[in-house]
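# I need the structure of the sequence given here:
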Amino acid sequence: MALATRPPGQSGGQFGRVLPRRRPSWAYVGTCVLAALTLVVSGFAYRVLRAVAGIGSSHAIASGPSTGAQNILLMGIESRRYWNGSILPPAILAQLHAGSAQAVANGVGGNDTNTLILIHIFADGKRAVGFSIPRDDWVTFADTIGPQQSGKIDQAYGVSMFYREQQLSQQDPSISQDSLAAQGNEAGQAAAVATVEKLTGVHIDHFAAVNLYGFYEIAKVLGGVEVCLNHPVHDVNSGADFPAGYQHLDAAQALAFVRQRDGLPNGDLDRTHRQQAFLDSVMHQLRTEGVLSDLTKIQALINVARQYVITDQGWNLLDFAAEARNLTSSHLVFYTLPIVGYATIDGQDANQVNPANIRDIVHTTFYPKPAKTASHTGSSVDTHDTTVDVFNGGQINGLAHQVSAALVSVGYRAGKIGNTAQRATTAVRYGRGAQPGAAQIARLFGVAAVAATAVPAGHVQILLGANARASSVSAVASQSSTPSGVIPSTGPQGGAVAAKNGIPCVN
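Next up, the predicted model:
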């Protein structure tokens with residue numbers, strides 16, 4: 001009956017594993033959580049009301065508000081089991097390349113949260129920002145049951161689940177498998193939420209968790225997904241074998257796309273970008289291909305969500321959907337939290353992190369201050385109403401990402417980020433209604449803002465030239481009264497994942 005058969009610290013089990021950094025794993029399962037949340041955000045819950053009521057079932061945390069500003073943690077569990085603890089059938093394990101049933105019974109697969117994404121929904125419900133938390137970040141746990149109180153952040157869930165189930169089995173040897181699994185998972189969920197809160201310094205109002213098989217089922221209902229790759233890939237371990245450019249992947253190929261880590265420049269850190277791109281693509285697909293008007297598909301998606309997705313019981317998905325249904329992929333920006341470097345800790349390959357810096361970055365991004373800054377006329381500029389697109393035509397690699405991140409830190413909305421033809425000087429253009437923000441930004445680069453009909457209303461477009469320097473970024477960041485907390489765009493975690501035509505291009 002026991003769901004975990006190997007205690008923490010032994011190789012091959014859920015915890016304390018001494019394995020190489022580039023081993024194959026199942027971090028892709030968390031993208032199912034993103035897909036399920038996307039369905040809610042995109043409005044399907046608002047259309048089918050009562051059918052969604054059964055999704056929330058966990059008492060692991062005290063839920064926060066379901067409307068207004070809120071923080072949501074998405075968790076992907078690498079378990080090769082159903083939520084009740086039963087091992088997936090051999091045919092399904094083979095289909096997912098997840099090993100044998102005997103291997104799972106011996107502890108392969110575990111209950112690590114190989115995907116953790118923290119999303120902030122702003123008060124207007126129309127925009128959001130998310131941070132992927134690398135699974136190998138070495139942290140101090142919070143509210144974790146058992147003797148292990150530090151480790152990789154993905155282990156907090158499984159550690160508490162293992163020891164809670166052990167306690168329950170000792171207290172009542174006749175406990176049912178369903179009850180054991182439910183209480184064990186709730187202990188894991190509580191520990192994972194508390195540990196992320198401790199690392200990031202922000203309170204989590206809601207969470208959504210998914211197991212392995214759900215991703216595949218959602219991808220099947222959607223009929224696959226559109227992706228874009230910067231380079232061709234061929235990876236035997238994941239099965240990813242795709243050319244460069246835009247392409248449609250079926251459900252099995254989507255698994256390979258979000259699973260691949262071998263052959264990518266930054267391994268797991270690059271894979272977080274795949275997960276983020278998947279969510280952007282699903283949101284784009286739901287809104288442009290008529291999925292939300294297809295009642296058969298909507299019902300199928302709800303059935304998958306009810307079977308494979310767990311949320312906190314106090315999260316009213318209908319109220320949330322009613323407010324957030326206008327959120328689009330263009331107003332959802334993803335980043336990956338930075339690491340300091342790699343290290344071997346307790347015999348495990350891990351990421352070293354700076355918790356104080358992470359807290360500054362998350363707080364500054366989720367709660368930007370001030371919302372209004374002074375313009376040259378003495379009036380105020382409502383930065384939250386202005387979206388800034390930044391294109392690099394200069395000579396400093398990554399400067400567009402740095403400028404965008406600095407502007408976001410003082411309240412501007414992140415827009416498109418990319419490159420443009422080389423140019424000698426920087427230009428700042430604006431669409432209808434964006435003149436105050438454009439004038440403020442233009443002064444930082446020593447140029448005048450120019451109205452342009454080609455720029456969308458409410459947008460400022462920055463074309464960085466050879467004269468643009470990093471000092472311009474510092475000038476933007478210095479306007480903020482909050483901690484600097486500028487999201488780095490260089491380093492192994494990379495910068496923001498930005499969508500083009502709804503589909504981001506990633507490595």
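# CA only for contacts and neighbour counts going forward, please
Will do.
# the chain - how does it break down into domains?
Listed domain ranges for the chain are 27-362, 371-481 (source: automatic domain parsing).
# export the ones you listed to CSV and tack on mean neighbour count?
Formatted as CSV, these follow (neighbours: other Cα atoms under 10 Å):
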stretch, mean neighbour count
domain 27-362, 21
domain 371-481, 20
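# of all those domains, which one is nearest residue 506?
domain 27-362 (5.1 Å; Cα to Cα).
# so where's the stretch 301-450 of the chain uncertain?
Along the stretch 301-450 of the chain, the model assigns pLDDT under 70 to residues 324-330, 369-384, 409-410.
# and if you look at the stretch 101-250 of the chain?
101, 103-110, 212.
# and the helices in it, which stretches?
For the stretch 101-250 of the chain, the helices defined by DSSP state H, counting those that start in this stretch occupy 101-105, 155-171, 177-200, 212-222.
# which ones are touching the residue most central in space within the chain?
Closest residue to the average C-alpha location of the chain: residue 117 at 3.6 Å, with Cα atoms, centre = their mean. Residues in contact with residue 117 (Cα atoms under 8 Å, 6 or more residues apart in numbering) are 73-75, 130-133.
# residue 120 now?
69-72, 128-130, 366.
# next: residue 231.
Residues in contact with residue 231, defined by Cα under 8 Å, 6+ apart, are 243-245, 507.
# residue 225: which of those residues is nearest?
Using Cα to Cα, these come closest to residue 225 at residue 245, 13.7 Å.
# my guess is the closest one meets residue 226, correct?
No: at 10.4 Å, residue 245 does not count as touching residue 226 under the criterion of Cα atoms under 8 Å.
# ok, back up a step: farthest pair within the contacts of residue 120?
Going by Cα to Cα, the pair spanning these furthest: 69 and 130, at 13.4 Å.
# returning to what we had before: any idea which of the domains of the chain gets closest to residue 503?
domain 27-362 (5.2 Å).
# on that earlier part again, may I see the domains of the chain organised as CSV, with distance to residue 503 added?
CSV is the format used below for the domains of the chain (distance: least, Cα to Cα, whole Å):
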stretch, distance to residue 503
domain 27-362, 5
domain 371-481, 12
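# can you give me the strands in the stretch 301-450 of the chain?
309-312, 332-336, 341-345, 348-352, 372-374, 380-382, 387-392, 413-419, 427-430, 449-451 (DSSP state E, counting those that start in this stretch).
# residues contacting residue 247?
226-228.
# hmm, 10 Å instead?
225-229 (Cα atoms under 10 Å, 6 or more residues apart in numbering).
# circling back: looking at the helices of the stretch 101-250 of the chain, which is closest to residue 428?
helix 177-200 (34.5 Å).
# circling back: can you convert the helices of the stretch 101-250 of the chain into JSON lines and add a column each for distance to residue 89?
Shown next, in JSON lines, are those (distance: least, Cα to Cα, whole Å):
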{"stretch": "helix 101-105", "distance to residue 89": "7"}
{"stretch": "helix 155-171", "distance to residue 89": "22"}
{"stretch": "helix 177-200", "distance to residue 89": "17"}
{"stretch": "helix 212-222", "distance to residue 89": "11"}
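# wait, which of the ones you listed is closest to residue 424?
Each of those has some distance to residue 424 by Cα to Cα; the shortest is helix 177-200, at 40.4 Å.
# could you name the helices and strands sitting against that closest one?
Using 3 or more Cα pairs under 10 Å, 6 or more residues apart in numbering; DSSP states H and E as the contact test, the elements touching helix 177-200 are strand 56-58, strand 70-77, strand 113-121, strand 138-140, helix 155-171, strand 206-210, strand 309-312, helix 355-366.
# let's have the contacts of residue 231 in a markdown table, adding distance to residue 266.
Below are those laid out as a markdown table (distance: Cα to Cα, whole Å):
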| residue | distance to residue 266 |
| --- | --- |
| 243 | 19 |
| 244 | 18 |
| 245 | 20 |
| 507 | 10 |
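# out of those residues, who's nearest residue 362?
Nearest to residue 362 among these, with distances taken as Cα to Cα, is residue 507, at 24.8 Å.
# tell me the contacts of that closest one?
Counting by Cα under 10 Å, 6+ apart, the residues that residue 507 touches are 228-233, 244, 263-266, 270-271, 273-274.
# before we move on, the earlier item: mind putting the contacts of residue 120 in TSV, distance to residue 339 included?
Below are the contacts of residue 120 laid out as TSV (distance: Cα to Cα, whole Å):
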residue	distance to residue 339
69	27
70	25
71	22
72	22
128	23
129	19
130	16
366	19
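# quick check: residue 387 touching residue 432?
No: at 11.7 Å, residue 387 does not count as touching residue 432 under the criterion of Cα atoms under 10 Å.
# and for the two, which residues touch both?
Counting by Cα under 10 Å, 6+ apart, the residues touching both residue 387 and residue 432 are 456-460.
# how close does the closest residue to residue 362 other than its chain neighbours get to residue 119?
Spatial nearest neighbour of residue 362, chain neighbours left out: residue 200 (6.4 Å); criterion: Cα to Cα, 6 or more residues apart in numbering. Computed as Cα to Cα, to the nearest Å, the residue 200 to residue 119 distance reads 12 Å.
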